[in-house]
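Novice: Model the structure of this input:
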Amino acid sequence: MANHLNICDVKDRGNRTMRQILQRRKLRQLRFAWAVVAVVALSLALCSALFTAWTWGQTRDMSRSFRTLQDSMEQLSAQRDTIVQLLLERRDLLEGQRVKRDGGTGRKNSGNGRKVASHFEIHSIQKVGDDGAIKGWIEEPLNVSKAVQYDPDKGTFRVEKSGVYFVYCQVHFNENQSLYVKLEVAVNRASKLKCMEGYATTPSSGSHQFHFLKPCQVSGLLRLEKGAELKATSVKLYRLHPTAKHYFGLFKVN
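Specialist: Have a look, this model is predicted:
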């Protein structure tokens, strides 16, 4: 009887020991699993923080680049407006002095004193033609005598009156392949005003409507004879930016 009890006690102790071993093994497995989960969660949090910081930096760089481009465009427009205003004032002053010298006959000789000017803009999506001509210009109404007649088929502007003119042109390209953009104003096929600007082929980051906005602007005084043909040209098949400002114009200063 005593031997039987001893054997039962040994078996009970063995079972308890086995259960304890199994419990310890399960606890170790649970601890290991929780440790793995904690490491994964910490890694994900760290990656998320790094990605957020990188995205913020890229967004800040893109915003800074966009603000710089906007400032440059505003400065160009302000300079053009200032030059145009100064030349108009100079023209009026010269006409006033000529009227005084001619005893009041100067206004008759200058076409009843009416200003001579034309201004054109592009409002639709355009691509530079195979001949390099920029077409699609639409004349904006001005309360002055026309300086040129536009031929939409050729993309040329024919001068109506001889004289000294201030000519200006600005085009924004949507070009993502070339390292540069070019704009020329030719008179009777001879280049007179030329702009060439170099740009990177890829944007700084992100995706926005000004990714490949590349402006080019020319302006200057030219002596133009009646019947002379002006044409704005660039590299063939370049695309014009669909939402930017494109204009061509001239006005007679003398």
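Novice: Could you pull out the strands in the chain for me?
Specialist: Taking DSSP state E to define them, one finds strands in the chain at 117-121, 138-140, 148-151, 156-159, 163-174, 180-187, 190-198, 213-224, 229-233, 247-252.
Novice: What residues sit buried inside the second one?
Specialist: So the one you mean is strand 138-140. Of all the residues in strand 138-140, those buried under the rule 16 or more other CB atoms under 10 Å are Glu139. For glycine as for every other residue, the C-beta is placed from the backbone atoms N, C-alpha and C.
Novice: try stretch 233-250
Specialist: Thr233, Ser234, Tyr238, Leu240, His241, Ala244, His246, Tyr247, Phe248, Gly249, Leu250.
Novice: With distance to Leu44 and mean pLDDT as extra columns, can I get the strands of the chain in a markdown table?
Specialist: Shown next, in a markdown table, are the strands of the chain (distance: least, CB to CB, whole Å; pLDDT from 0 to 100):
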| stretch | distance to Leu44 | mean pLDDT |
| --- | --- | --- |
| strand 117-121 | 53 | 95 |
| strand 138-140 | 56 | 94 |
| strand 148-151 | 63 | 96 |
| strand 156-159 | 63 | 96 |
| strand 163-174 | 40 | 92 |
| strand 180-187 | 45 | 89 |
| strand 190-198 | 43 | 88 |
| strand 213-224 | 38 | 90 |
| strand 229-233 | 56 | 95 |
| strand 247-252 | 53 | 95 |
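Novice: And the pLDDT at Leu44?
Specialist: Predicted confidence (pLDDT) for Leu44: 74.
Novice: From Phe32, how far off is it?
Specialist: 19 Å (CB to CB, to the nearest Å).
Novice: With Gln170 instead?
Specialist: Taken as CB to CB, the span from Gln170 to Phe32 is 68 Å.
Novice: Of the two, which one has the most company?
Specialist: Taking Gln170 and Phe32 together and counting by other CB atoms under 10 Å, Gln170 has the greater number of neighbours (23 against 10).
Novice: Name the nearest residue to that one, sequence neighbours excluded.
Specialist: In space, and not counting its chain neighbours, Gln170 is closest to Gln217: 4.3 Å by CB to CB, 6 or more residues apart in numbering.
Novice: Tell me how many other residues surround the one you found.
Specialist: Gln217 has 19 neighbouring residues, counting by other CB under 10 Å.
Novice: same deal with Asp130?
Specialist: Neighbour tally, Asp130, other CB under 10 Å: 8.
Novice: Now for Ala33: which residues touch it?
Specialist: Neighbour list for Ala33: empty [criterion: CB atoms under 8 Å, 6 or more residues apart in numbering].
Novice: Local confidence estimate at it?
Specialist: Reading off the model, Ala33 has pLDDT 70.
Novice: ok, now Thr68?
Specialist: Reported pLDDT at Thr68 in the predicted model: 61.
Novice: unless I'm mixing things up, Tyr238 is touching Val128, no?
Specialist: Yes - the pair Tyr238 and Val128 qualifies as a contact (CB atoms under 8 Å) at a distance of 4.4 Å.
Novice: Tell me how far Phe157 lies from Glu184.
Specialist: Phe157 is 14 Å from Glu184, by CB to CB.
Novice: Compare neighbour counts for those two and give me the winner.
Specialist: Phe157 (27 against 20).
Novice: residues touching the more buried one, list them.
Specialist: Ser118, Phe120, Val148, Gln149, Tyr150, Asp151, Glu229, Leu230, Lys231, Phe248, Leu250.
Novice: what about 10 Å?
Specialist: Counting by CB atoms under 10 Å, 6 or more residues apart in numbering, Phe157 touches 118, 120, 137, 139, 147-151, 167, 185, 187, 224, 228-232, 248-250.
Novice: How about Ile125?
Specialist: Per CB under 10 Å, 6+ apart, neighbours of Ile125: Gly136, Asn174, Arg239, Leu240, His241, Pro242, Thr243.
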